[in-house]
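Student: Just need the structure, nothing else, for what follows:
(chains A and B, ligands or ions: 1)
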Amino acid sequence: MTKKHIISILLENEAGALSRVSGLFSARAYNIESLTVAPTDDASLSRMTLVTSGTEEIVEQIMKQLNKLVDVIKLVDFTDCSHIERELMLIKVQATGESRSEVKRLSDIFRGKIIDVTDTSYTIELTGKGDKLNAFLTSLSSITIFEVVRSGVIGICRGDKTLNI
Amino acid sequence: MLGDIKVELTGAEIVVQSLIEEGVEHLFGYPGGAVLHIYDALYKQDKLQHILVRHEQAATHAADGYARSTGKPGVVLVTSGPGATNAVTGIATAYMDSIPMVVITGQVPLPMIGNDAFQEVDSVGITRPIVKHNFLVKDAADIATTIKKAFYVATTGRPGPVVIDIPKDVTAHKAEFSYPREVKMRSYQPTVNGHKGNIKKAIELILTAKRPMIYTGGGVILSNASDELIAFSQTLGAPVTNTLMGLGAYPANDKQFVGMLGMHGTYEANMSMHHCDVLIAIGARFDDRVTGNLEKFCPDAKIIHVDIDPASISKNVKVDVPIVGDVKKVLSEFNGLLDGDDRRLEQSAMQDWWQQIEEWRSQDCLKYNNSMESIKPQYVVEQLHEVTQGDAFVSSDVGQHQMFAAQFYGFNKPRRWINSGGLGTMGFGLPAAMGVQFAHPDETVVCVTGEGSIQMCIQELSTCLQYGLPVKIINLNNGFLGMVRQWQEFFYEKRYASSYMESLPDFVKLAESYGHVGIRVEKAEDVRQALEDAVGKYKDRLVFIDFIIDREENVYPMIPAGAGLNEMILI
Ligand SMILES: Cc1ncc(C[n+]2csc(CCOP(=O)(O)OP(=O)(O)O)c2C)c(N)n1
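Tutor: Numbers count the residues shown, from 1 in each chain, chains lettered A, B, ... in the order given. Down below sits the predicted model:
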């Protein structure tokens, strides 16, 4: 059975490390839904989070193949542990006439923040789990959306558990 | 020792000194603009021998043959752009068979990278999927540590090729040199000791077996674990099969050896696999050429799998007892446990099992019709075995001749069979044989090839002359791309599309024009004499024997695509 998995990876912050991971996914025909990467508090380390889906066997192979990359230090599949996941979305929508107050109202309900305003548009910032962001987009079905930017998922284990060196 | 004092050297000198510190004696390469500083540094020393090949592909195959026959990493130096792209086939070949190799590629100067400069290619990008790891060095001060890391990564864990790309200006800059004594990489720590609990579990499972089977691959050879394998197998008294990559790990002349398994393996090996109840897989990776149809693979077996690479375990076949670790260490642990235990496999069950195996063996699946009216390739390889007492290093290319060599030579020692199993690279045989001969100047080195394959790196006859390499080339000339023709005969109603070799050169004259001995053999009764001359009268010369063999001989037995190991086509 195919299931979604969020995999978080600690890797050397070196030129080419990202392409080793993305190259692995394309070479082995694994699926990637989203991928985000940035340095951590330790500038020599990058933290990458990727969302993939596959059967148990495929995800096991993905974990092993990732581990095999010389630049990869540690990784965790959040499916195996209780965790917090977040995604950031920036969305620019038409805000004229009646829709102006409607957008504001919906944004408040979803605890979004309007971070930029023009005569005709609002730009809203929203964070949460992917399904919350999707629900917000659905709620805007009668509104004209100009642009949507999503960061991809990041995550962290709950409690004292850490992914660290 | 340079390692102790700090001296200022150019990047090029650092490259050369670092290789010397690593104990490298042979460097296979080809010069060009981006590596001229390095060549100049090579010129000024005499510890490291550079071997000038005739094509960069051959440099990588030669280094590969060197590595396979010695266990030491092969080392290559090529220029940027076309030098690097020519090396790609050899790097991929080494990668697929987990061969330790360090390849230094020149690169355009740092400020020009990305500008489509003359002879620029993204070597790190191109080689990324076919290396264990690669590096771009941006500072002369990093060269020594990078080389240290490269050798460490290439030779530890599951070995493999590592590429170091060095821009030309970096080889001109000066830096302080001291060669690091050790290397630690927080992101790279291969597991070598097998899990104790699983090792015990494996032994318990093995001791319950009524029909055990030992299946071993290239990992046993890479880990130098032949002695441990022999001890383990003989304590158990179980049948042993080797993969194409694993031949020689267990002596072919021992009665417990049931031959190679897989597509062109023996009937007894494949049937024993299919019917076993406990399969002990060691340093093998359940390749599709070995398993046949996965759904029909070893239906009754509990499987133990020992491998250094966790990603090889349960990749194609789900296993019951996984053991990640160095094969040599795990086998020693197995042997230790068995030595301290008086339980053995149940005797009566083993008698039945061997009786069954002998029945399969009596099919004599490798028999061929040796009429002596034409030269049979199998006959040539059998004669070669006799003339060389089964003790030669044998490289091969890819095709029918490769399978005949694997089936009929009978390897009794590891690291004697040098072949491109994973990538199946035609053109590998001759340059690989060169690398073997450099490592073993006094041994007999044979290249069993076909008229198609040999032409893919034939230019290396020139290298062989330059360095006086007395390689014996056994050209099994059927006038066809034989393996392709065999598939077309079986599966395409004999439509021989582009598998016929027209306009072949006169190989005897060709060999002679390169300064070697050429012999053509057209009659079966002349086979023996030609082989004896090659290792006797012409011992110190390269001898190219062009055997005009039966044109349409096929490789049997064979497992057709989609079939299980118990569904072999016998002759
Ligand atoms: C570089 C490369 N190209 C193509 C192939 C596909 N291939 C596999 S076997 C074979 C025929 C080899 O012919 P030959 O060397 O004459 O050997 P024979 O099978 O006749 O013994 C070919 C073309 C390959 N393995 N390698």
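Student: Next up, phi/psi of residue 121, please.
Tutor: No chain specified, so I'll use chain A. The phi/psi pair for residue A:121 (degrees, to the nearest 10) reads phi -140, psi 160.
Student: ah, I was thinking of chain B
Tutor: phi -140, psi 160.
Student: Please name the residues that touch it.
Tutor: With contact taken as Cβ atoms under 8 Å, 6 or more residues apart in numbering or on different chains, residue B:121 is in contact with B:80-81, B:84-85. From N, CA and C alone the C-beta is placed, and that goes for glycine too.
Student: Within reach of the ligand, which of the residues you listed are there?
Tutor: Among the contacts of residue B:121, no residue lies close to the ligand (Cβ under 6 Å from any ligand atom).
Student: Using TSV, lay out the residues you listed together with pLDDT.
Tutor: Putting these into TSV (pLDDT from 0 to 100) gives the following:
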residue	pLDDT
B:80	98
B:81	98
B:84	98
B:85	98
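Student: Might you enumerate the residues of the stretch 301-450 of chain B proximal to the ligand?
Tutor: Along the stretch 301-450 of chain B, the residues adjacent to the ligand under the rule Cβ under 6 Å from any ligand atom are B:397-401, B:424-427, B:450.
Student: By neighbours, which of those wins?
Tutor: Highest neighbour count within those: residue B:401, with 32 neighbours (other Cβ atoms under 10 Å in any protein chain shown).
Student: per-residue pLDDT, that residue?
Tutor: The per-residue pLDDT reported for residue B:401 equals 98.
Student: what's near enough to touch it?
Tutor: Residues near residue B:401 by Cβ under 8 Å, 6+ apart: B:377, B:448-450, B:453, B:474, B:476, B:482.
Student: let's see 7 Å
Tutor: B:377, B:448-450, B:476 (Cβ atoms under 7 Å, 6 or more residues apart in numbering or on different chains).
Student: Residue B:485 now?
Tutor: By Cβ under 7 Å, 6+ apart, residue B:485 lies in contact with B:496, B:499.
Student: Counting by contacts, list what the helix or strand hosting residue A:67 packs against.
Tutor: Assigning secondary structure by DSSP states H and E places residue A:67 in helix A:56-68. Counting by 3 or more Cβ pairs under 7 Å, 6 or more residues apart in numbering or on different chains; DSSP states H and E, the packing neighbours recorded for helix A:56-68 are helix A:17-27, strand A:72-77.
Student: Identify the residues contacting the helix-or-strand element of chain B with minimal mean pLDDT?
Tutor: One helix or strand of chain B scores below all others by mean pLDDT, DSSP states H and E: helix B:288-291, with a mean of 92. Outside helix B:288-291, the residues within contact range by Cβ under 7 Å, 6+ apart are B:243, B:261-263, B:297, B:316-317.
Student: From the chain's centroid, how far away is that helix?
Tutor: 17 Å (Cα atoms, centre = their mean, to the nearest Å).
Student: Would you mind giving the orientation angle of the helix holding residue A:67 with respect to helix A:17-27?
Tutor: Angle, helix A:56-68 to helix A:17-27, by axes from the mean of the first three to the mean of the last three Cα atoms, to 10 degrees: 150 degrees.
Student: Quick one: mean pLDDT over helix A:56-68.
Tutor: Taken as a whole, helix A:56-68 carries a mean pLDDT of 96.
Student: Give me the buried positions along it.
Tutor: Under the neighbour-count criterion of 16 or more other Cβ atoms under 10 Å in any protein chain shown, helix A:56-68 has A:58-66, A:68 buried.
Student: What is the nearest of those to residue B:311?
Tutor: residue A:64 (3.9 Å; Cβ to Cβ).
Student: How about the closest one: what's its closest non-neighbour residue?
Tutor: residue B:311 (3.9 Å; Cβ to Cβ, 6 or more residues apart in numbering or on different chains).
Student: need the helices for chain A, in chain order.
Tutor: For chain A, the helices defined by DSSP state H occupy A:17-27, A:56-68, A:98-109, A:130-139.
Student: what's the distance between the residue in the stretch 101-250 of chain B positioned nearest to the ligand and residue B:287?
Tutor: Nearest residue of the stretch 101-250 of chain B to the ligand (Cβ to the nearest ligand atom) works out as residue B:244 at 13.4 Å. Using Cβ to Cβ, to the nearest Å, residue B:244 is found at 9 Å from residue B:287.
Student: between the two, who's got more neighbours?
Tutor: residue B:244 (27 against 18).
Student: Spit out the contact partners of the more buried one.
Tutor: Taking Cβ under 7 Å, 6+ apart as the test, what residue B:244 contacts is B:260, B:262, B:406, B:419, B:421.
Student: Please apply the same query to residue B:200.
Tutor: Residue B:200 touches residue B:337, counting by Cβ under 7 Å, 6+ apart.
Student: sec struct for it, please.
Tutor: In three-state terms, and counting by DSSP: H, G, I helix; E, B strand; the rest coil, residue B:200 is helix.
Student: which bits of chain A sit near chain B?
Tutor: Residues of chain A lying near chain B by Cβ under 7 Å from any Cβ of the partner chain: A:12, A:16, A:19-20, A:23, A:27, A:60-61, A:64-65, A:68, A:70-73, A:165.
Student: how does it look with 6 Å?
Tutor: Within reach of chain B by Cβ under 6 Å from any Cβ of the partner chain, chain A has these residues: A:12, A:23, A:27, A:64-65, A:68, A:70-71, A:73.
Student: Include distance to residue B:507 when you put the residues you listed into CSV, please.
Tutor: Shown next, in CSV, are those (distance: Cβ to Cβ, whole Å):
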residue, distance to residue B:507
A:12, 51
A:23, 42
A:27, 39
A:64, 47
A:65, 44
A:68, 44
A:70, 44
A:71, 48
A:73, 54
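Student: of all those residues, which two lie farthest apart?
Tutor: A:27 and A:73 (21.3 Å).
Student: Neighbour count: the two, which is higher?
Tutor: Just comparing residue A:27 and residue A:73: by other Cβ under 10 Å the higher neighbour count belongs to residue A:73, 20 against 12.
Student: measure that one to residue B:50 for me?
Tutor: Separation of residue A:73 from residue B:50 (Cβ to Cβ): 37 Å.
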